[in-house]
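Engineer: Structure for the following, please:
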Amino acid sequence: MAPAASPNPPEFVARDKAALSMEVAGDKAASRGDDREALSCWNEALDILTSRARSAEAARVASKIAMTEENLGETESSCLHYAQAADLYKLAGDQRRVPMCLNNLAMLRKLSGELEEASVLLARALDEASRCHGSVHGETALIATNLGAVLCECGDLLGAEQRHMQALGIREQLFGPNHPEVGLSLGHLAVIHQMRGDQERARSFYTAALEILDQFPQLHEAERSILRQNLEGL
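Structural biologist: As a prediction, this is how the structure comes out:
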């Protein structure tokens with residue numbers, strides 16, 4: 001009787017070790033600021049891991065690649081790797097990491113002017129976040145805020161208001177009424193009311209937002225400046 005085949009033949013074990021070695025080499029290169037060397041190592045590791053159907057490890061490496069490419073301004077490559085990471089995390093059953101991959105992909109699409117695609121991706125990310133994190137979670141609030149901003153740029157003020165109200169409600173539950181994240185949500189709602197021409201409601205929301213944000217002068221300086229300019233312009 002022939003012996004049972006090993007579930008991990010020596011050549012597979014060797015490839016897995018090679019992938020881990022390349023990932024570690026990439027991490028070391030990144031830590032010393034050599035992003036190009038890091039990307040080279042990580043891409044080699046990713047090729048091995050995907051060929052071995054090691055979804056969890058491949059997703060982790062794809063995320064590192066995507067973030068580094070984003071920092072380097074390589075938008076298209078970064079988008080491809082964020083999408084790949086989302087798919088791989090899903091295959092690995094690690095649903096909790098999917099929403100932010102989709103969020104990051106969407107925000108790159110937004111920066112490229114692809115607002116419709118960004119809104120679709122963010123809506124999907126929001127559904128995924130609500131499903132795996134629950135309706136009251138900081139990540140859910142962040143994605144809802146980003147979706148609200150994109151919808152506002154698309155001219156869907158009602159949709160934008162709904163998403164910013166969702167984010168506001170989550171942040172108030174998580175952090176209380178005087179947290180800077182609450183102030184930012186109020187600021188987004190102020191902008192929407194101003195765009196509708198409702199100056200009184202806009203003024204009320206701008207004032208409320210600034211009353212909170214001014215308590216944290218070390219945070220959100222650019223946002224506070226814009227909100228104050230908008231309020232003074234009413």
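Engineer: Contact partners for Ala149?
Structural biologist: By C-beta atoms under 8 Å, 6 or more residues apart in numbering, the contact set of Ala149 is 110, 160, 188. Bear in mind the C-beta positions are built from the backbone N, C-alpha and C, glycine included.
Engineer: That one: which element?
Structural biologist: helix 138-154 (DSSP states H and E).
Engineer: Give the buried residues for that helix.
Structural biologist: Using 16 or more other C-beta atoms under 10 Å as the test for burial, helix 138-154 gives 139-152.
Engineer: before we move on, what about stretch 48-59?
Structural biologist: Going by 16+ other C-beta under 10 Å, stretch 48-59 has these buried residues: 48-50, 54-55, 57-59.
Engineer: need the helices for this protein, in chain order.
Structural biologist: 10-31, 35-51, 55-71, 75-91, 98-111, 115-133, 138-154, 157-175, 180-196, 199-213, 221-233 (DSSP state H).
Engineer: helices or strands up against the worst-scoring helix or strand of the chain on mean pLDDT?
Structural biologist: Among the helices and strands of the chain, helix 10-31 carries the lowest confidence by mean pLDDT, DSSP states H and E, at a mean of 92. Packed against helix 10-31, as judged by 3 or more C-beta pairs under 8 Å, 6 or more residues apart in numbering; DSSP states H and E, are the following elements: helix 35-51, helix 55-71.
Engineer: Just want the angle from that helix to helix 35-51.
Structural biologist: 150 degrees (axes from the mean of the first three to the mean of the last three C-alpha atoms, to 10 degrees).
Engineer: and for helix 10-31, what are the contacting residues?
Structural biologist: Residues contacting helix 10-31 (C-beta under 8 Å, 6+ apart): 8, 35, 37-42, 44-45, 48-49, 51-52, 54, 57, 60-61, 64, 68.
Engineer: one more time with 7 Å
Structural biologist: 37-38, 41-42, 44-45, 48-49, 52, 61, 68 (C-beta atoms under 7 Å, 6 or more residues apart in numbering).
Engineer: Please apply the same query to stretch 199-217.
Structural biologist: With C-beta under 7 Å, 6+ apart as the criterion, stretch 199-217 contacts 178, 180, 182-183, 186-187, 189-190, 193-194, 220, 224, 227-228, 230-231, 234.
Engineer: are any of those buried, and which?
Structural biologist: 180, 182-183, 186-187, 189-190, 193-194, 220, 224, 227, 230-231.
Engineer: which one of those residues is nearest Asn104?
Structural biologist: His220 (20.6 Å; C-beta to C-beta).
Engineer: thought that closest one was touching Glu181?
Structural biologist: No - assessed by C-beta atoms under 7 Å, His220 is found out of contact with Glu181, at 9.4 Å.
Engineer: among the helices and strands packed on helix 10-31, which is nearest Cys79?
Structural biologist: Comparing the helices and strands packed on helix 10-31 by their distance to Cys79 (C-beta to C-beta), the top pick is helix 55-71, with 7.9 Å.
Engineer: tell me the angle of the closest one relative to helix 75-91?
Structural biologist: Helix 55-71 runs at 160 degrees relative to helix 75-91, counting by the same axes, to 10 degrees.
Engineer: burial of the nearest residue to Glu44 once chain neighbours are set aside, as a residue count?
Structural biologist: Distances taken as C-beta to C-beta, 6 or more residues apart in numbering put Met22 closest to Glu44, at 4.7 Å, once the chain neighbours are dropped. Neighbour count of Met22, defined by other C-beta atoms under 10 Å: 21.
Engineer: got it, and Tyr206?
Structural biologist: 25.
Engineer: mind checking pLDDT for it?
Structural biologist: We note a pLDDT of 98 for Tyr206 in this prediction.
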